[in-house]
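[1] the following comprises the amino acid sequence and a computationally predicted model.
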Amino acid sequence: MVSRGKILLHDTTDFFRGSPSTSWSFRVSPEMSPSARLIGYYVHSNGLVVADSIELKIEDKLPTEVRKIKIL
């Protein structure tokens, strides 16, 4: 996961022959705002690199919730 020019998350997965797909999960963090790019790639047995990416729009939120209170 890349955002603001920094790698925020990375992981590797063994892809087994015959498996049609795989899945990942991750937590969205404030550092990913306003957008992040998820990049996936694999190296084919013939050495060819196959890659793709998708931009994720991240809702702008503070790391902690701020509540307005009335002081008397």
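    Arrived safely. What you see is a predicted model; the values in this text were computed from it and never measured.
[2] backbone dihedrals for the closest residue to Met1 other than its chain neighbours, please?
    Spatially, and ignoring its direct neighbours in sequence, Met1 is nearest to Leu9 (4.0 Å; Cβ to Cβ, 6 or more residues apart in numbering). Quick note: C-beta positions are derived from backbone N, CA and C, even for glycine. In this entry, Leu9 is assigned phi and psi values of phi -140, psi 150 (degrees, to the nearest 10).
[3] how close does Leu9 sit to Val50?
    From Leu9 over to Val50 the distance is 21 Å, taken as Cβ to Cβ, to the nearest Å.
[4] could you list the low-pLDDT ranges of this structure?
    16-17, 61-66, 72 (pLDDT under 70).
[5] where do the strands of it begin and end?
    2-3, 6-7, 35-43, 49-57 (DSSP state E).
[6] re the thing from before, so which of Leu9 and Val50 has more stuff around it?
    Shown here are Leu9 and Val50; by other Cβ atoms under 10 Å, Leu9 has more neighbours (15 against 9).
[7] that one and Phe26 touch, don't they?
    Yes - taking Cβ atoms under 8 Å as the definition, Leu9 is a contact partner of Phe26 at 5.7 Å.
[8] shared neighbours, these two?
    Common neighbours of Leu9 and Phe26, using Cβ atoms under 8 Å, 6 or more residues apart in numbering, are Met1.
[9] ranking the strands of the chain by burial, who's on top?
    strand 2-3 (a mean of 18; mean count of other Cβ atoms under 10 Å).
[10] in terms of secondary structure, what does that one contact?
    Counting contacts by 3 or more Cβ pairs under 8 Å, 6 or more residues apart in numbering; DSSP states H and E, strand 2-3 packs against strand 35-43.
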